[in-house]
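> What follows is a predicted structure for the sequence shown.
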Amino acid sequence: MPLTLSEIKPGNSCRVVGWSSNLSDRLLELGLIPGSMIDVVRKAPFGDPVVYKVKNCQLAISRVEAARIFVRVLRDARPQSPDYDEKD
Amino acid sequence: MAESCHETEFTVSADPKIKSVLIAGNPNSGKSTVFNLLTGMRQRIGNYPGVTVERKSGPLLGHEHVEVVDLPGSYSLNPKSLDEQIAYEAIASLLPGEVTPDVIVCVVNATHLERNLYLASQILDMGLPTVVVLNMMDELEGEGLKINVAQLQDELGAPVIPMVATRGEGLDELRKILSGAVPIPARTGWNLSDEVEAVIESLSVKLGEIRPDLAKRRRRSESLRTLNSDRLLAKWERESEEFVRAVLAARGELDDVQINYSQAEVMGRYYWLGKVVARVTSKLKEVKALTVSDRLDAVLIHRVFGPIIFAAILLLVFQSIFSWATPAMDLIELGMLQLGSLVRTVLPPGMVTDLLVEGVIAGVGNVILFLPQILLLFFFLSLMESTGYMARTAFIMDRVMRRVGLTGGSVMPMMSGFACAIPAIMATRTMDSQRDRLLTILVVPLMSCSARLPVYTLFIAAFIPSETLFGPFGYQGVTMFSLYIFGTITAFVAAGVLSRIFKGPNSSFVIELPPYRVPQWKLVFWRMYDRAKVFMVTAGKIIFVFSIVIWFAASFPRTEMPIEAAEQREIIESELNQNADLSVDRTVRLETELQELANAEASRQIEFSLIGQLGKFIEPVMRPLGFDWKLSAGLLSAFAAREVIIGALGTIYSVADADENSLALRDHLKNARDARTGQLVYRPLVALSLLVFFVLALQCSSTLAIAKRELNSWKWPTFMWVYMTTLAYLASLAVYQGGSALGF
C-alpha cells in the first residue's frame, strides 16, 4: 500500500506513483504526474493546506486533495523523521 | 513521429502588418510587466463583451496601430475558470467582436520552465505566430541555473527571447521581432497515446465538416480542448449539436476501454517537456538550499508568527489609513471651504448659487475629502499583491475559511472587499467552483469597503475621543479597527450559515506561492492610481447626481413663513435699515433675532421638504434604533450609495443651519440639539447604532448592479439586499435598545 502525499511530513521528499480517479485535472496540469519529485515544505499555520515544491514551484495543496496522490518516499533525500520508516 | 517533427527553420507568416498582439502566460510569470514595457503603461481597461472579465489593452510603443492585449493569467488552455476560458477563447478567436490575434507573446517564467512550458506548448499547437518570452533570467541565474536559449528555440520550434522584464532587459529584441514577421511555430514534438490520437483524428475530421474555415492544426487543438473541457463543450452546445454528440460519443468510447483521455494530454506534454528541459538546462553552481524567500516564509507563514503578523499588518494598515491621511484631509477640507466662499462672492445670491455651494460643492467635496484614505488603502493592497504576500494570506487563512464553507481562494476577494465590493466581486472570477463563488459574492459586501470609511471617519471623529489608548494606537483607531473586525466576523458567520443552505462540493484548493519579490514601485503606484480613479469616477458620478437630487429634495416643496414670523422680520429689518444711529448693542441684538428667525425658517423648510417628509414617514420604524428623522432621511439617500449620507447630512445641516459656509459637518453633528428639549441629538450610543447599521447594510446600488451582472440574475442581488438590511436593522436595534437599557 503506497502512502498518500498528505501523510508525508514536512522536510521529506517523495515521488508520485499514482493517483485516485477523483483527483482534479488541474493538479496534473501543475505537474503532479507520475515520476514527479515533490518536496514537502511546510504546513499552514492552522494545519491545512501544505506547501509542496513541485517542478521548482511552491504550491499549497489542501489535505483532502493531497490524500488522492500516491507517493513513494525518497530515502536518499533529506534527514527523515522516524514515523514513516516502517510503512514504506 | 516526435523527433522528426522538429523543424529548425521557421515558416514565415505572410503578412508583416500585424494589428493585434496577445500576451499570454501563467500567473506570476511577469506578463503584466512585459505588457507595460510594450505599451509604455498606457493601458485601457474595459471588459470582454457579455462577461465581466477585465480586458487590459494598449497601443504598442512605436507602432500605435497595433493593439496589445494582456490576457488573464492561466495555467492551461483547458479552462478551469472564467478567466482561463476567456484567455483560451481570445487566442482561439472564439470571442465575438474580438479580432483574430496576429501574434501571441507567451511569457514564461524561466525559473518555472517546465511548468510554464506546458501552457506555452499548448499555445504553440494553435499554429499562430508565437514568440516565447523567457522572463526572470536574473532569478534563474540566482538559482545557479543556465538555459541554452538557442537550443530551447530549436526544441520549441519558435523564437525565444530571454528577458528581465523588471529591468527592461531584452525589450529591444522583443520589439525587433514584433516589428518584423513573426514565424508560425513548427509542430511541437509531443505525442498522445495511439487510442486518444485516433479519437482526436476523427473529431478533427468531424470539426472540419462543421467549420471548414478552421486550419488543420486549429481543428486538432480545438478537438482536444473540447474533449477535455466541459466548459468548452457547453459552448459548442450553442453552435453545433452534431459536434457535441461526436465529442460525447468519443468520451464514451474511451471510457469503455478505460482510457483516461483528460490525462493523456498532460502526460504526453510533460513526458516531452521533461526531456526538453533536461536538454536545455545546465547547472552553473550549487546554491544554498534555502533562498531568501524560504527564510521569509519561515517567519511570515510560521505556525505561530504567521497569523500574528497577518493581524498586525492589518491593524497597522487601518491605523495608518486613519492617521497618515489626516493632514491631507485637513488641506482638502480647507480648500473646499474656500471654494464655497469664492463661489458665493463671485455669483449673485440665489437658487443656483445655493445649489452649487450647498448641493454640489458640499456633496462632492465631502467625498473628495476621503481620497487620501482610499489611495492609502489601495496602496497597501497593491503592495501586498506586488510582494507576493497576498497569496500567503490565502494560504494562512484557508483552514479558517473552510470552516465557514469558503476556501483560501475567497480571502483575496474578501480582502479586496475592504477597498470596494465591486472589484472584489469581480475578483471572484478566478474561483473555479460556482458555489464558492456565489457564497463569496454574497458575503463580500459585509467587508467594510472604502465607501464606509467616510461614514466611519465622520462619526468616529465626532463622537469617539482622540486620546491615546496604548503605544501608537488611540481610541479612534481601535474603534475603526473594531468596525472592520465586526464586519469581517459577520461575513464569516454569514458564509457559515449560507454554506449550510447551499450544499455542494468545495472547490479544490491549490494556490501558487510565488517567491517574495521587491515590489515594483511603478506598478504599485500605477495600480493604486488606477483603482482610485475608477472608484472616484464611478462613485463621483453617482454622488454628483445624488447631491443635486438631495438638494432639491431638501429644498422643495417650498414653504411659506408663518405670517407672524414674516411680520416680525419686517419690523426688525426696517428698524435696522431706517435707524442709522442704532447703538451697537441694539444692532447685535436685532441681528441675532434675525438669525434665529432664519434658522427657524430653514428648519421648517427642511421639515416640510420631500426628504424631511420621507424621513418623518420612516421615523417610527427607525426610532427604536435611535435615529431621528434627519438621520432617517440621510439613511434613505444612502441606500443608493453609502457615502451619499455625508453629502445628504451636509446638505440637510447646511440648509438648516444659517452657517452655510461651514463644511465641518462633524461639528454640526456633535452640537445638534433637539429643538424642543435642547438635549444633544446624537449621543455616542446613537453614533454607535448608526455605525453598526452601516457596517452591515447593503447600501450601494453599484454592488447590486455588479452582482446582477456576475450572477446573471436579480434573484441573488435581491436576496443579498434583503438579508443584509434585515441584519443591519436587527443589530442596530440590539445595540441601541441594549445600550439604553444599560444606561448609556
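On my side now, so go ahead.
> how does chain B divide up, domain by domain?
B:3-179, B:194-258, B:305-506, B:558-601 (automatic domain parsing).
> quick check: mean pLDDT across the longest one?
This points to domain B:305-506. Averaging pLDDT along domain B:305-506 yields 82.
> Next: stretch B:249-265.
88.
> Span of that stretch from start to end?
19 Å (CA to CA, to the nearest Å).
> is any part of it close to chain A?
Yes: for stretch B:249-265, a contact with chain A is found by CB under 8 Å from any CB of the partner chain, at B:260, B:262, B:263. From N, CA and C alone the C-beta is placed, and that goes for glycine too.
> Tell me which helix or strand the last one sits in.
Spelled out, that is residue B:263. helix B:261-280 (DSSP states H and E).
> what does that helix contact?
A:25, A:28-29, A:31, A:33-35, B:2, B:78, B:113-114, B:117-118, B:121-122, B:147-148, B:151-152, B:155-156, B:188-193, B:196, B:199, B:224, B:227-228, B:250-251, B:254 (CB atoms under 8 Å, 6 or more residues apart in numbering or on different chains).
> And it, what's buried?
Within helix B:261-280, the residues that count as buried by 16 or more other CB atoms under 10 Å in any protein chain shown are B:261-270, B:272-274, B:276-277, B:280.
> With stretch B:553-561 instead?
Buried, per 16+ other CB under 10 Å, within stretch B:553-561: B:553, B:554, B:555, B:561.
> wait, doesn't the last one sit right on residue B:601?
The reference is to residue B:561. Yes: taking contacts as CB atoms under 8 Å, residue B:561 lies within contact range of residue B:601: 5.6 Å.
> picking that back up, nearest to chain A, of the buried residues of stretch B:553-561?
Within the buried residues of stretch B:553-561, the smallest distance to chain A is 50.7 Å, found for residue B:553 (CB to the nearest CB).
> so where's chain A shaky on pLDDT?
A:1, A:75-88 (pLDDT under 70).
> what does it have sitting close to chain B?
A:21, A:24-31, A:33-35, A:42-49, A:51, A:54-62, A:64-65.
> The residues you listed in helices, which ones?
Those of the residues of chain A next to chain B mapping onto helices are A:25, A:26, A:27, A:28, A:29, A:64, A:65, per DSSP state H.
> okay if I get those as JSON lines plus neighbour count?
Below are these laid out as JSON lines (neighbours: other CB atoms under 10 Å in any protein chain shown):
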{"residue": "A:25", "neighbour count": "18"}
{"residue": "A:26", "neighbour count": "20"}
{"residue": "A:27", "neighbour count": "23"}
{"residue": "A:28", "neighbour count": "23"}
{"residue": "A:29", "neighbour count": "26"}
{"residue": "A:64", "neighbour count": "14"}
{"residue": "A:65", "neighbour count": "22"}
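> and those residues, which two are the farthest apart?
Greatest spatial distance in those: A:29 and A:64, 18.4 Å, computed using CB to CB.
> Pick the one among the ones in helices among the residues of chain A next to chain B closest to residue B:709.
Nearest member of these to residue B:709, counting by CB to CB, is residue A:26, at 26.6 Å.
> Count the neighbours of the closest residue in space to that closest one that isn't next to it in sequence for me.
Leaving out its chain neighbours, the residue that sits closest to residue A:26 by CB to CB, 6 or more residues apart in numbering or on different chains is residue B:80, at 5.5 Å. For residue B:80, the count of nearby residues is 23 (other CB atoms under 10 Å in any protein chain shown).
> does residue 72 sit in a helix, a strand or a coil?
This is for chain A. strand (DSSP: H, G, I helix; E, B strand; the rest coil).
> Wait, chain B was what I had in mind.
Residue B:72 - assigned by three-state DSSP - is coil.
> Now do the contacts for it.
B:53, B:54, B:83, B:84, B:86, B:87.
> Leaving out sequence neighbours, find the closest residue to it.
The nearest residue in space to residue B:72 (CB to CB, 6+ apart) is residue B:83, at 3.8 Å.
> Under a three-state scheme, what state does the one you found occupy?
Strictly by three-state DSSP, residue B:83 counts as helix.
> Over to the one 5 residues further on?
On the three-state scheme (three-state DSSP), residue B:88 is labelled helix.
> residues near it, how many?
28.
> where's it relative to residue A:28, distance?
18 Å (CB to CB, to the nearest Å).
> Excluding chain neighbours, give the residue nearest to the residue of chain A found nearest chain B in space.
When scored by CB to the nearest CB, chain A has residue A:46 as its residue closest to chain B, at 3.4 Å. The shortest distance from residue A:46 to any non-neighbouring residue, by CB to CB, 6+ apart, is to residue B:399 (3.4 Å).
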